[in-house]
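Asker: how would this look folded up:
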Amino acid sequence: MLREADDELRAICREITSSAQSEDAWAEQESDDMFQTSHYCGGFDADERAFCFSYHSSGPEMWFQLSLSEVMTLSEGRQLSFEMRPAQ
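Answerer: Numbering: from 1, shown residues only. Below you'll find the model as predicted:
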């Protein structure tokens, strides 16, 4: 399912980008709940080499992951949507 990035997710992406850390640095501080907002919960997964999130709203829980480069493009507004799937 394709979802448009909202202000809440873009704020998380800007927070990640502003830390100016490499993928290896993120892997050293791996956490599955480093970022928690009203609708999003997630963090960097060293095995996936990506930021993995769950999205909670009025519907079913959804999962998605973003590479560091995708986080950067979302934070800059160059990417407007991302793919997510139902939680399993």
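Asker: how about the helices in this protein?
Answerer: In the chain, the helices defined using DSSP state H lie at 7-18, 23-28, 68-75.
Asker: and the spatially closest residue to Leu74 that is not a sequence neighbour, how many neighbours?
Answerer: Ranked by CB to CB, 6 or more residues apart in numbering and with sequence neighbours excluded, the top spatial neighbour of Leu74 is Cys13, at 4.4 Å. From N, CA and C alone the C-beta is placed, and that goes for glycine too. Neighbourhood size, Cys13 [other CB atoms under 10 Å]: 23.
Asker: Begin at 25 from now on, thanks
Answerer: All right, first residue 25 from here; so that's Cys37.
Asker: list the contacts for Cys37?
Answerer: Ala29, Leu90, Val95, Met96, Leu98, Ser99 (CB atoms under 8 Å, 6 or more residues apart in numbering).
Asker: what's the farthest-apart pair in those?
Answerer: The most widely separated members of those are Ala29 and Met96, with 12.6 Å between them, by CB to CB.
Asker: how about low-confidence regions in the protein?
Answerer: Within the chain, no stretch has pLDDT under 70.
Asker: one step back: will you turn the helices of the chain into JSON lines that also has distance to Glu107?
Answerer: What follows is the helices of the chain, written out as JSON lines (distance: least, CB to CB, whole Å):
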{"stretch": "helix 31-42", "distance to Glu107": "13"}
{"stretch": "helix 47-52", "distance to Glu107": "20"}
{"stretch": "helix 92-99", "distance to Glu107": "10"}
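Asker: So for His63, which of the ones you listed sits nearest?
Answerer: helix 31-42 (5.9 Å).
Asker: Can you list the buried residues in the closest one?
Answerer: Leu33, Arg34, Ile36, Cys37, Ile40, Thr41 (16 or more other CB atoms under 10 Å).
Asker: Repeat that for stretch 83-90.
Answerer: Within stretch 83-90, the residues scored as buried using 16+ other CB under 10 Å are Met86, Phe88, Gln89, Leu90.
Asker: what are the C-alpha coordinates of stretch 83-96, in PDB please?
Answerer: Below are the C-alpha coordinates for stretch 83-96, written out as PDB (Å, rounded to 0.1, in the frame of the first residue of the first chain):
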ATOM      1  CA  GLY A  83      -7.200   0.900  10.800                       C
ATOM      2  CA  PRO A  84      -5.000  -2.200  11.100                       C
ATOM      3  CA  GLU A  85      -1.300  -1.800  12.200                       C
ATOM      4  CA  MET A  86       1.000  -1.300   9.200                       C
ATOM      5  CA  TRP A  87       4.800  -1.800   8.800                       C
ATOM      6  CA  PHE A  88       7.300  -0.200   6.600                       C
ATOM      7  CA  GLN A  89      11.000   0.400   6.400                       C
ATOM      8  CA  LEU A  90      13.100   3.200   5.000                       C
ATOM      9  CA  SER A  91      16.800   3.300   4.000                       C
ATOM     10  CA  LEU A  92      18.900   6.200   5.200                       C
ATOM     11  CA  SER A  93      18.800   7.700   1.700                       C
ATOM     12  CA  GLU A  94      15.000   7.400   1.700                       C
ATOM     13  CA  VAL A  95      14.800   9.200   5.000                       C
ATOM     14  CA  MET A  96      16.900  12.000   3.600                       C
END
